[in-house]
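Peer 1: curious how this folds, go ahead:
(4 chains)
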2 protein chains.
Amino acid sequence: MKQFSIGEVARYGGVGVETIRFYEREGLIAEPPRKESGYRQYTQETVVRLRFIQRAKDLGFSLREIKELLSLRIEPLTDCADIQERAEAKVRDIEGKIQTLQRMKKALANLVASCPGRVPASDCPILDALEGSGAHETPISAIGQRTAKKRPNDRSSMKSTTASRRAGKGANHVPTLPR
Amino acid sequence: MKQFSIGEVARYGGVGVETIRFYEREGLIAEPPRKESGYRQYTQETVVRLRFIQRAKDLGFSLREIKELLSLRIEPLTDCADIQERAEAKVRDIEGKIQTLQRMKKALANLVASCPGRVPASDCPILDALEGSGAHETPISAIGQRTAKKRPNDRSSMKSTTASRRAGKGANHVPTLPR
DNA sequence: CTTGACTCCGTAGTGTACTACGGAGTTTAC
DNA sequence: GTAAACTCCGTAGTACACTACGGAGTCAAG
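Peer 2: Predicted coordinates:
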C-alpha cells in the first residue's frame, strides 16, 4: 500500500500542508501513523477525504457541517434522506443569501441610476440616501444582512436580559432622535 | 447644543457602546471632547454618521469602504461620479457573489433531486458526488468561492516564489493521484 | 558530503466586525 | 444615602478558515 507524506497528500488533495495539520486539529481528518522520524504517513483515503472536503466547501458547507457529513458517511444507520435534508437546508440558506444580495443590488442600482454624475458631492443623491436625508426616503434599512450573530458563549448567558429587551422591539428598531 | 453620552448615541445610532469605541479606534468616527469625568460628549452629527455607516453596511459596503465614502463626503473636489463609481463597483461585486451562490444552489439542487431518499448512505448519490465517485462526474469543483485570499503581510513577500509557482498552474488545478 | 526541500511543533497571526471583561469611577433615580 | 446603571480602558476573545513562524531534525539529489 502506497504511503504519502504530508506534502504529497496536500498536493493531491488541493490544500496546503498547514491546512492539513489544521484539519487534523479540528478533527476533520484523522492523525495518521508516523515514521520513526515523526513524519506522518498517509494513505489514499486521506486524499479522497480532502477532496470531499473541498467539494463540500465549494457547495457552501462550513467545516463544521462538512465534519457532520463525513460522520454520516460512515454511520451505519444513516440513510440518504438525512444527507438530502442537509443539502436542502443548505439550498434554503443559499436562497436567503441570494435574496439579501438581490435587495442590496437593487437598492444600489437605484442609487446609481439616480445619480446625475457631475455634481458636487454635497448634492449627491447617493450620499443623501446614505445619510437618510433628501427628497425621498429610500428604505435602505430593511435590506441588509444584519441578523443576530450566534455567540454560543457562556458569558453571554448572564446578559440575556439585555438581549431580550432589545429583541422585543424588533431586530432593527432604532429610536428617533429627540428634537 | 444638545450633548449625548455614548449610551445615547449608541441607542440612536443603532449600534452598541462597544461598537462605538471600536469605530473610534478604527477611525470611522472622531473621538469627541470629554466631560471632567472622562465621559465622552457627542453631538447629533455622530448619530447621523453612525446611521450612514449602518445604511452603507446594509448595502454591502465594508467598514473600510465606508470610511472612504465618509471621507469623500467632505472632500471639496469630489463629485458625485466618484461615489457613483464606487456604488457601481459594489453592484458588480454583489453580482459576482450572486453568480457564485446561484451555481452552488444549482449544483446542490441537482444533488437533492438525484437522491432517492430511503437508501443507505453507502448508496447515496450526494455523498458519491462529494467523493468524486459515482456513475456521472458532477463538476462541483468549478463552483465555489475559492479565490485567493489577499494577505497583505510583510512576511509573505519572502515566500512569493512559492505563490508564483502555484499560480502558474491555474488557481484550482489539483494533480491527479498516481496509479 | 552538501545543500535545498521537506517535516515537525505549538504558538501567533491574518482579515472582518464586532463583543466581553474586570475593576474602578461617575451618574441618576428612589 | 443607596443601589443600579452607566462610563472608562486596554486587552482578549468570538466566529471562520486558514497561514506563518522559528529552530531543529530528516530526506533526497547532485
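Peer 1: next SSE after the biggest helix by length in chain A?
Peer 2: Secondary structure of chain A per DSSP state H: the longest helix is helix A:80-113. Once helix A:80-113 ends, the next helix or strand along the chain (criterion: DSSP states H and E) is helix A:125-131.
Peer 1: quick one, phi/psi of the most centrally placed residue in chain A?
Peer 2: By C-alpha atoms, centre = their mean, chain A has its centre lying nearest to A:Ser62, at 6.6 Å. Per-residue torsions, A:Ser62: phi -80, psi 170 (degrees, to the nearest 10).
Peer 1: before we move on, what about A:Arg40?
Peer 2: With angles defined as degrees, to the nearest 10, A:Arg40 sits at phi -70, psi 140.
Peer 1: which stretches of chain A have low pLDDT?
Peer 2: Within chain A, the segments meeting pLDDT under 70 span A:134-142, A:144-172, A:179.
Peer 1: which residue does it have closest to DNA strand C?
Peer 2: A:Gly7 (2.4 Å; C-beta to the nearest atom of the strand). Any C-beta I mention is one placed from the backbone N, CA and C, and that applies to glycine too.
Peer 1: now A:Leu69: closest residue in space that isn't a chain neighbour?
Peer 2: Closest residue to A:Leu69 apart from its sequence neighbours, by C-beta to C-beta, 6 or more residues apart in numbering or on different chains: A:Ala56 at 6.2 Å.
Peer 1: over to A:Ile53?
Peer 2: Spatially, and ignoring its direct neighbours in sequence, A:Ile53 is nearest to A:Ile66 (5.5 Å; C-beta to C-beta, 6+ apart).
Peer 1: what's the strand or helix carrying the one you found in contact with?
Peer 2: Taking DSSP H and E as the definition, one finds A:Ile66 inside helix A:63-74. Residues outside helix A:63-74 that contact it (C-beta atoms under 8 Å, 6 or more residues apart in numbering or on different chains): A:26-28, A:49, A:52-53, A:56-57, A:61, A:78, A:82-83, A:86, A:90, B:121, B:127, B:130.
Peer 1: who touches whatever helix or strand A:Val48 lives in?
Peer 2: For A:Val48, the host element (DSSP H and E) is helix A:44-58. Identification of contacts with helix A:44-58 by C-beta under 8 Å, 6+ apart yields A:2, A:4, A:9, A:12-15, A:20, A:23, A:28-30, A:32, A:63, A:65-66, A:69-70, B:104, B:129-132, B:140-141, B:143-146, B:174, B:177.
Peer 1: does it come close to DNA strand D?
Peer 2: Yes. Using C-beta under 7 Å from any atom of the strand, helix A:44-58 reaches DNA strand D at A:Lys57.
Peer 1: related to what we said a few turns ago, would you mind listing which of the contacts of helix A:63-74 are buried?
Peer 2: Burial by neighbour count, 16 or more other C-beta atoms under 10 Å in any protein chain shown: within the contacts of helix A:63-74 this picks out A:28, A:49, A:52-53, A:56-57, A:61, A:78, A:82-83, A:86, A:90, B:121, B:127, B:130.
Peer 1: against chain B, how distant is A:Lys35?
Peer 2: 20 Å (C-beta to the nearest C-beta, to the nearest Å).
Peer 1: how is chain A carved up into domains?
Peer 2: Here the domain parsing of chain A from the TED database is A:1-78, A:80-133.
Peer 1: so what's the gap between the longest one and the chain middle?
Peer 2: Pointing back at domain A:1-78 there. The chain centre lies 21 Å from the centre of domain A:1-78; the measure is C-alpha atoms, centre = their mean, to the nearest Å.
Peer 1: ends of that domain, what's the gap?
Peer 2: Distance across domain A:1-78, first residue to last, is 30 Å (C-alpha to C-alpha, to the nearest Å).
Peer 1: same thing with stretch A:69-78?
Peer 2: By C-alpha to C-alpha, the extent of stretch A:69-78 from end to end equals 11 Å.
Peer 1: does it reach DNA strand D?
Peer 2: No. Counting by C-beta under 7 Å from any atom of the strand, DNA strand D has no neighbours in stretch A:69-78; the shortest distance is 12.5 Å.
Peer 1: how far away is the residue nearest to the centre of chain A from A:Gly13?
Peer 2: With distances taken as C-beta to C-beta, to the nearest Å, A:Ser62 is found 18 Å from A:Gly13.
Peer 1: A:Glu26 too?
Peer 2: The value you get for A:Glu26 to A:Gly13, if C-beta to C-beta is used, is 15 Å.
Peer 1: same deal with A:Leu63?
Peer 2: Remark: distance between A:Leu63 and A:Gly13 (C-beta to C-beta) = 15 Å.
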